[in-house]
Structures are given as structure tokens and as C-alpha cells.
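Colleague: how would this look folded up:
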Amino acid sequence: MSTIRLTMAQALLRFLDQQYVSVDGQETKFVRGVMGIFGHGNVTGLGEALERSAGDLTYIQGKNEQGMVHAAAAYAKQQNRRQIYACTTSIGPGALNMVTAAATATVNRIPVLLLPGDNFASRQPDPVLQQLEVVGDYTVSATDPFKSVSKYWDRIVRPEQLISAAIQAMRVLTDPAETGAVTLALPQDVQAEAYDYPEAFFDKKVHYLDRRPPAREAVNRAVASMVGKQRPLIIAGGGVLYADATKELMEFAAAFGIPVAETQAGKSSLPWNHPLNVGAIGVTGALAANVLAKQADLIIGVGTRYSDFTTASKSAFANPKVQFININVSGFDSSKMSGISITADAKEALSALKDALTAQHYVSGYETGYIGSLKAEWDGEVDRLYNAECEEGFAQTRALGVINQTIDPSAVIVCAAGSLPGDLHRLWRSTEPKTYHMEYGFSCMGYEVSGAFGAALAEPNREVYAVVGDGSYLMLHSEMVTSLQEGRKFTVLLFDNHGFQCIHNLQRGHGSDGFGNEFRYREAATGKLTGEYMPIDFAAHARSLGVKAYKANTPEELKEALLKAKEETVTTLIEIPVVPGTNTQGYESWWQVGVPEVSESEKVIAAHEEMKKNIQMAKPI
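Modeller: As a prediction, the model looks like this:
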């Protein structure tokens, strides 16, 4: 057997450089490169290997460890999980900064490969800088927290262990049912240790993402359950887009006259103006979709994990006879809601189910014009909100209307947290697939700017926009600098509403007077954060980083700024002051949160009683 002597770090890069995926006969290099921030623990090991032995892997210098993993996850999401960046950090705080982003990727079923440095495997110089020294278990290090947020975790304490660990890592990363964050903890001494690796370990490896067909029996069970169902509703999740099944979804819905509601991850599966697209579902849902959900006697979930926002905390489906058919490549997700499980690729399953239902001459029982009337009513409501006037200033929904009507239909918007996801889910009109990029599995504040950079890496021929609130922007915006470094432009649309207004609205809706969520000065007289709003010049801040910046206080100024931003060649920020509380809410939806059973406030007690009533209406499934 031929061997080649390499350090573990050099061998890892050579291995990653030879990994490919094949989907429907189309082959793609799986690992595009490595994003990293160097420190002790990776600079002399993996850093040296990247400097001299990177092969065709591109190195991108991150500015914040969490931010670069968000960027890598957004890149993979926009690439339908068929290409990734690995991410490397030092030990200690550098590694731990990736944990939040790792969880974000895992919750959203997005592949990211994390390569944090770790303590010396030899323990000879212990304790080293940033080592935890857990006295009850000396094997614990700062990389152990990744175990709870990774789909696969390993620590390479001998260089030859890389062989089996790397193969298992690729198994998980390329499995659409199991994918998420994969962590290989790399002790800093082992990275630099050499081993005679088999040359075959570095042969080109193609991972075939074969589409899983549905079992005939599962399709038959689904068809049998649909007999007599008059008011079916399809819920399109992210799996529709990852499986490239938008065409099959459209044909399936049209064949049987079944309306389609979209989750946050599934939005843009159908054009907004398709006659059967009834809009967003759930807590952040549209009136049309939520009314149909309450009436539905059958829910067909395609590629959705049924989060509480999708199901309105399991209160969305009010028909006592409602049943569920779940199409998902993951058996874990297809088994939810006590539904009939079709564990299969969405494209394959929709085609098979369509053929079987056609043979049974199935058709839904909606009255002629009913779906269209609900859709027309909701479209009118969106138009109203897009043109909403506010005496105090610029309404958030009006700003979104200007943006939606001005930017290119092919442009990609990226969002994650605050009140904007709700407004975008309800109001944004997507006409092309993959133009709506929402991280709402974790709703991770700070994802937006980093995610936009990742999306811009993946979509160099499209305009990309980060739609972000001031609170989320203040948490994490550092990858704007990386975008300048890499020459990958995107535009930040920063909605300044003076704080964490989404949560401010949530607490006030459950009896609070409002506490701790607005960016106000502390008053000397009361000692409370109830003074004037803090004035922050976000445009000036962006300019200080080298970003182009504009400020738009009116619809006219916003449209002008958007047109100017499109012509800019570098990352650009538009600051948009909006009036707090001018977001959307309601529309036949409810979200369960814990409301105190005991309080000095009568409003809180009343909110608790209202919560109990709603819980009684939710389905215990």
C-alpha cells in the first residue's frame, strides 16, 4: 500500500479538497474553502497547512467566529446544501464563539464543518492558555459544548484517527436527513504531527445524493387517507427548495386544486401571485392561509419540521377531523403530528403521490372561487400595509413595500430575527425560488449581515440584501469588513426602531408595561431605562468601516437610496428610521409563551387566563 507522510492538518485539507457530491448526475466540488480566524491552537497547524498546502481550497479571513460560521451556513443554504465552507478557530473563546452558529446550522439542517483548535493531546505543557482544567474530568475542554449542537462530534487525539473521523464527518455533512454542524476538535499538537497516510485516502470521492423514492405502501396509505377529504392544505417547507421540487409542488397543487401555504424556510416555493399560493402559515402567517388551516381536514406537509411558529403552537388546525400526511427525507420529521409518514425525497414523493391520486380521480372539494376570494382579500391587505401612513414617521410595512417594489425580483433578501421576519413572511412578494433567505429555525440575532455575505458568495450574479433591525445589527456586523476584503458586495437595509421592539411588543401583549427592551438612556430621577431614545448614527458607523452608506427617512428617499445602492460596487448600508410598533401581528394566529400565574399586575393575570384558554384549543400531538 502506497503512503504519503503528512501532518494531520495537511492530510485533512488534502482530503477535503477531493470531496464531491453528485445530484441528478450533476457533480459539484463539495468543500469550497475554509473560513478562519487564527490563534494559538490552529495557526501553526492548520494555518501552516492552509498557507502552503491548501490545494484548490480558498481561505477567507473571518472577523468574528460566530459571524463566519453564519456566513458558511448561509452559503450552504443558498447552495441547497451541496457546497460548504469549513471554519477553523483557536482554542478557548475562539472555539466557543462558534457554538451559537453551530446550533443555528443544526436546527436548520444546514451542513457546516467546524475545525476548532483544542488542548494539547500530550498534556505535556498543561495548563495552556485558555484551557478549562475541569478538575473532575480532565478530558473536558472548550470544544465539549459542541457535542450538544453538532450532528457529529469527534476529537482527533492521534493523527491516524483522522481517517475514520473524516469519513464519518462527510457521511453526515452530505446526508440530507442527518446534516447539520459537524465538529472535529483538533488538539494543537496533533495538527502538527506527521503520519504515513494511505494515498487512497486522498483519492477523489464522489458522494451520491441519490433521491430516496417513497415506499409504495406509504403512498397507498396516504392515498387512502385522502379519500373523502374536501379541504386539504399543503404546507411547503424548506425541503421543497432543497430538493428542487418547486415544479413538482406546483403541478401537484394544480392537479387537485389544493392551496399551498409556506413556512419561513419554504417561502418562494411558489410565486406569490400563483392562484393557489395562499401565503404564510402560522404565527407569522397570512389571513388566507390561517383561515384555510383552521378549516382543513387534511394537512400535507412537504419538507417541514412543524415548528411552533408553523403550527401556531399546535392551535392552527381547528378541524377535529384533521389528519396529516408528512413528506420528508428525515424520518424524524415525517413522523411528527401523528401523521402518515412518507419518508422520501420531496420531488420523488410528490410525483409518486400525484400519479396515485390521479389514478383515483381525486380532486379537492373547495367551492368555486373560494380560494381566490381569500387570496384576493389578503392581497388587498398587503397593498394596504404597503401604503400605510403614520403621523409619527415612516411605517415599517410601508418601508418594506417600497423595497419589494424597487429591488429586482431576482434579488435575495436575508433575515433572521426581530419583528422583520413576521412582516416579511406575511408581506414579502417573492416571484422566484431561493430569493427569500430566512433563518428562522433559531431566529439567531446577528445572522443577517453575516448571512448576507455568505449568500453573496453563493450568488455572485444576484443582488443580496440583509434586512436587519438595529438590535441585531449591533450584535454582529463584522463580516461587512470581510465582504470588502473579498469584493463580494451586498446591501444592508437597517431598520432603526430604537431597540428590541419585537420582544417589547411580545411582553406588552402579555401584561407588561414594557421593560428593558428599548435603547433609552437611564433617567437619573428614577434610575430606570426610561429616558430619551439613544441617537445612533448607523450610516456614519458603516462609513467608518469603508462601507457606502445612505439614510432614508421617507418612501421617496428610500427608493432613491435603493437605486443608488444598486449602482455601488462595494457593500452598502441604508439606514431606515421607522416608527416602533408599525409592524404586523394577529391574523388568526397565536403563540404560546409562559405567562406568570402569580403577579402583582392584573394585566398579567388576565394574560395568563387567556393563555390557558388558548392551550385548551391546541391539539395535543
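Colleague: Do a quick rundown of the strands in the stretch 301-450 of the chain.
Modeller: Secondary structure of the stretch 301-450 of the chain (DSSP state E, counting those that start in this stretch): strands located at 323-328, 340-343, 412-415, 436-438.
Colleague: Make JSON lines out of the ones you listed and add distance to G136.
Modeller: For the C-beta atoms, the positions are set from N, CA and C on the backbone; glycine is no exception. What follows is those, written out as JSON lines (distance: least, Cβ to Cβ, whole Å):
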{"stretch": "strand 323-328", "distance to G136": "41"}
{"stretch": "strand 340-343", "distance to G136": "42"}
{"stretch": "strand 412-415", "distance to G136": "43"}
{"stretch": "strand 436-438", "distance to G136": "42"}
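Colleague: got JSON lines for these, with mean neighbour count and distance to E602 too?
Modeller: Formatted as JSON lines, the strands of the stretch 301-450 of the chain follow (neighbours: other Cβ atoms under 10 Å; distance: least, Cβ to Cβ, whole Å):
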{"stretch": "strand 323-328", "mean neighbour count": "26", "distance to E602": "40"}
{"stretch": "strand 340-343", "mean neighbour count": "22", "distance to E602": "46"}
{"stretch": "strand 412-415", "mean neighbour count": "28", "distance to E602": "37"}
{"stretch": "strand 436-438", "mean neighbour count": "27", "distance to E602": "37"}
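Colleague: Out of those strands, flag the one nearest A95.
Modeller: Closest to A95 of the strands of the stretch 301-450 of the chain is strand 412-415 (Cβ to Cβ; 25.7 Å).
Colleague: neighbouring contacts of that closest one?
Modeller: When contacts are defined by Cβ atoms under 8 Å, 6 or more residues apart in numbering, strand 412-415 is touched by residues 74, 78, 421, 424, 428, 434-439, 447-448, 451-452, 455, 459, 462-468, 490.
Colleague: Pipe the strands of the stretch 301-450 of the chain into a markdown table and attach mean pLDDT per row.
Modeller: Shown next, in a markdown table, are the strands of the stretch 301-450 of the chain (pLDDT from 0 to 100):
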| stretch | mean pLDDT |
| --- | --- |
| strand 323-328 | 98 |
| strand 340-343 | 98 |
| strand 412-415 | 98 |
| strand 436-438 | 98 |
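Colleague: The ones you listed: which one's closest to T44?
Modeller: Across the strands of the stretch 301-450 of the chain, T44 has its closest neighbour in strand 412-415 (35.3 Å, Cβ to Cβ).
Colleague: what sits opposite P187 in the beta ladder?
Modeller: Beta-bridge pairing for P187 (DSSP bridges): D118.
Colleague: what about the chain, any weak spots by pLDDT?
Modeller: For the chain, residues meeting the criterion pLDDT under 70 lie at 619-621.
Colleague: Can you name the residues that contact the residue positioned nearest the centre of the chain?
Modeller: Closest residue to the average C-alpha location of the chain: E439 at 2.3 Å, with Cα atoms, centre = their mean. Counting by Cβ under 8 Å, 6+ apart, E439 makes contact with 70, 73-74, 77, 104, 108, 414-416, 447, 451.
Colleague: Now with 10 Å, please.
Modeller: Contacts for E439 (Cβ atoms under 10 Å, 6 or more residues apart in numbering) come out as 70, 73-74, 77, 104-105, 107-108, 110, 264-265, 414-417, 421, 447-448, 451.
Colleague: Now a ChimeraX select for only the buried ones of the contacts of strand 412-415.
Modeller: In ChimeraX, a selection of the buried entries from the contacts of strand 412-415 looks like this (16 or more other Cβ atoms under 10 Å):
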select :74,78,421,424,428,434,435,436,437,438,439,447,448,451,452,455,459,462,463,464,465,466,467,468,490
